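A.B. asks: After the sequence you'll find the predicted model.
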Amino acid sequence: MFSDANKEKSYFLRRFAPQLCIVLGSFFIPLLIHADSILAQNPDIKLIRIDRAKNSETLATQYLGDHWDDWQITELNGRALFESGDIVALPITPINPAGVYANHFQGIPILCYHQFSARSDSNNQLEVSANAFDKQMAYLVSNDYQVIPLKKLSEILAGEKAIPPKAVILTIDDGYRSVYETAYPILKKYGLTATLFVYTDFIGGSMALSWDQINEMQSSGVIGIESHTKTHSSLSYDPNAETQSSHRKRIANEIDSAEITISNHLSHRPTILAYPYGNSSSETIEHLKKSNYTLATTVKRGPNNTFADPLLLQRTMIYNNHDLSSFIKIINGKRSR
């Protein structure tokens, strides 16, 4: 079923596709055996006849340049699987890029994890059991949630991409070894992706990941690596402890030193920051802008809509006392207008 925002597009498809089949069919079918062909196009939608069986992910990769946009083809056509000779509607412009519906703003929850454990009775609130994490990831997959990389949010906030109807973003903070031992295998098992924010002074410690482990996870495509600063100190401004000048120097060292270390170990320059403790300041945000950071996350609870501040994104912490029912409520949160 199409959303209200797609009525005009779905009308175009219903109104013109049959006539195109009749008028163009006998003349063009001999030419379409070996290649997809464009049948019609307006500023919003392109109609093609496909040369062989394809699914929405293949079509999104081929025509939209991004397999994460497969949901738009599915929504526009009412299905995800197509046979040879089928006429398929492709969105030229994003479907409802503002994410505004009759009774709510579409939002994306960003989930924040820290540590993982084989035990189910940990006293550490931030240590989620392997069993609980597995059930949460299984729920996302079995209920057709689209777990998208955090970096995709830049395009969504810029209006270049639309928010998938059931989008979720996974992030993990700090760089504990349990990410490699527990979370990484579970994410691979379900074909999901997450962003890991590391604070670089921690890496290589007794409870921390090694750079080899981090590099392996990044190379797999399962986990992207971004910055959580150098020492994990708060980036807020405390006028009782520092001057504005010393504050600027401190945050520059925290952000820039971590960026250099990550770049040296991974040949990857971070462009996303997770504020330690969720704390920021106007000077910190100014420095991020000058350093070409595109996104930054807090730990303020709630989903992010299309008019969220990209450098003050909300994230919801997942604790070891969150049962599956609590998890479902978190990922389904909507903000009424």
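C.D. replies: Structure's in. What do you need?
A.B. asks: How far away from the center of its chain is stretch 305-318?
C.D. replies: Offset of stretch 305-318 from its chain centre (Cα atoms, centre = their mean, to the nearest Å): 12 Å.
A.B. asks: Tell me the first helix or strand C-terminal of whichever strand or helix holds Glu216.
C.D. replies: Glu216 belongs to helix 211-220 when elements are defined using DSSP states H and E. Downstream of helix 211-220, the next assigned helix or strand under DSSP H and E is strand 223-227.
A.B. asks: buried ones in the helix holding Glu216?
C.D. replies: Going by neighbour count (16 or more other Cβ atoms under 10 Å), the buried part of helix 211-220 is 211, 213-215, 217-218. Backbone N, C-alpha and C define where each C-beta goes, glycine included.
A.B. asks: And stretch 273-281, by the same measure?
C.D. replies: For stretch 273-281, the neighbour count (16+ other Cβ under 10 Å) marks 273-276, 278, 280-281 as buried.
A.B. asks: closest to Ser142 among these?
C.D. replies: Nearest to Ser142, judged by Cβ to Cβ, of the buried residues of stretch 273-281 is Ala274 at 28.6 Å.
A.B. asks: on that earlier part again, closest to Ala167 out of the buried residues of stretch 273-281?
C.D. replies: Of the buried residues of stretch 273-281, the one sitting nearest to Ala167 (Cβ to Cβ) turns out to be Ala274, at 19.1 Å.
A.B. asks: Could you double-check that the closest one lies in contact with Gly175?
C.D. replies: No - taking contacts as Cβ atoms under 8 Å, Ala274 lies outside contact range of Gly175: 11.1 Å.
A.B. asks: which neighbours do those two share?
C.D. replies: By Cβ atoms under 8 Å, 6 or more residues apart in numbering, Ala274 and Gly175 have these common neighbours: 197, 228.
A.B. asks: can you give me the strands for the stretch 1-150 of the chain?
C.D. replies: Ranges of strands in the stretch 1-150 of the chain, per DSSP state E, counting those that start in this stretch, are 37-41, 45-49, 54-55, 81-82, 87-91, 104-105, 110-113, 115-117, 127-129, 146-147.
A.B. asks: Could you export those to a markdown table, including columns for mean neighbour count and distance to Phe202?
C.D. replies: As requested, those are arranged in a markdown table below (neighbours: other Cβ atoms under 10 Å; distance: least, Cβ to Cβ, whole Å):
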| stretch | mean neighbour count | distance to Phe202 |
| --- | --- | --- |
| strand 37-41 | 15 | 53 |
| strand 45-49 | 19 | 49 |
| strand 54-55 | 17 | 42 |
| strand 81-82 | 15 | 46 |
| strand 87-91 | 22 | 43 |
| strand 104-105 | 16 | 36 |
| strand 110-113 | 24 | 16 |
| strand 115-117 | 23 | 12 |
| strand 127-129 | 20 | 16 |
| strand 146-147 | 20 | 26 |
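A.B. asks: Let's have the ones you listed in JSON lines, adding mean pLDDT and distance to Leu312.
C.D. replies: Supplementary listing: the strands of the stretch 1-150 of the chain in JSON lines, determined by pLDDT from 0 to 100; distance: least, Cβ to Cβ, whole Å:
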{"stretch": "strand 37-41", "mean pLDDT": "92", "distance to Leu312": "39"}
{"stretch": "strand 45-49", "mean pLDDT": "94", "distance to Leu312": "35"}
{"stretch": "strand 54-55", "mean pLDDT": "95", "distance to Leu312": "37"}
{"stretch": "strand 81-82", "mean pLDDT": "96", "distance to Leu312": "40"}
{"stretch": "strand 87-91", "mean pLDDT": "94", "distance to Leu312": "30"}
{"stretch": "strand 104-105", "mean pLDDT": "81", "distance to Leu312": "17"}
{"stretch": "strand 110-113", "mean pLDDT": "98", "distance to Leu312": "12"}
{"stretch": "strand 115-117", "mean pLDDT": "96", "distance to Leu312": "25"}
{"stretch": "strand 127-129", "mean pLDDT": "96", "distance to Leu312": "25"}
{"stretch": "strand 146-147", "mean pLDDT": "94", "distance to Leu312": "22"}
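A.B. asks: Could you point out which of those sits nearest Ser236?
C.D. replies: The nearest among these, by Cβ to Cβ, is strand 110-113 at 18.2 Å.
A.B. asks: what helices or strands is the closest one leaning on?
C.D. replies: Contacts defined by 3 or more Cβ pairs under 8 Å, 6 or more residues apart in numbering; DSSP states H and E place strand 110-113 against strand 167-174, strand 316-317.
A.B. asks: Need the contact partners of stretch 132-140.
C.D. replies: 113, 116, 120, 145, 147, 168, 182-183, 186-187, 189-190, 192, 318, 320, 322-324, 327-328, 331.
A.B. asks: how does it look with 6 Å?
C.D. replies: By Cβ atoms under 6 Å, 6 or more residues apart in numbering, the surrounding residues in contact with stretch 132-140 are 147, 186, 190, 192, 324, 327.
A.B. asks: try stretch 324-337
C.D. replies: By Cβ under 6 Å, 6+ apart, stretch 324-337 touches 104-105, 109, 135-136, 168, 303, 316.
A.B. asks: so how far is that stretch from its chain's centroid?
C.D. replies: Per Cα atoms, centre = their mean, the centroid offset for stretch 324-337 relative to its chain is 17 Å.
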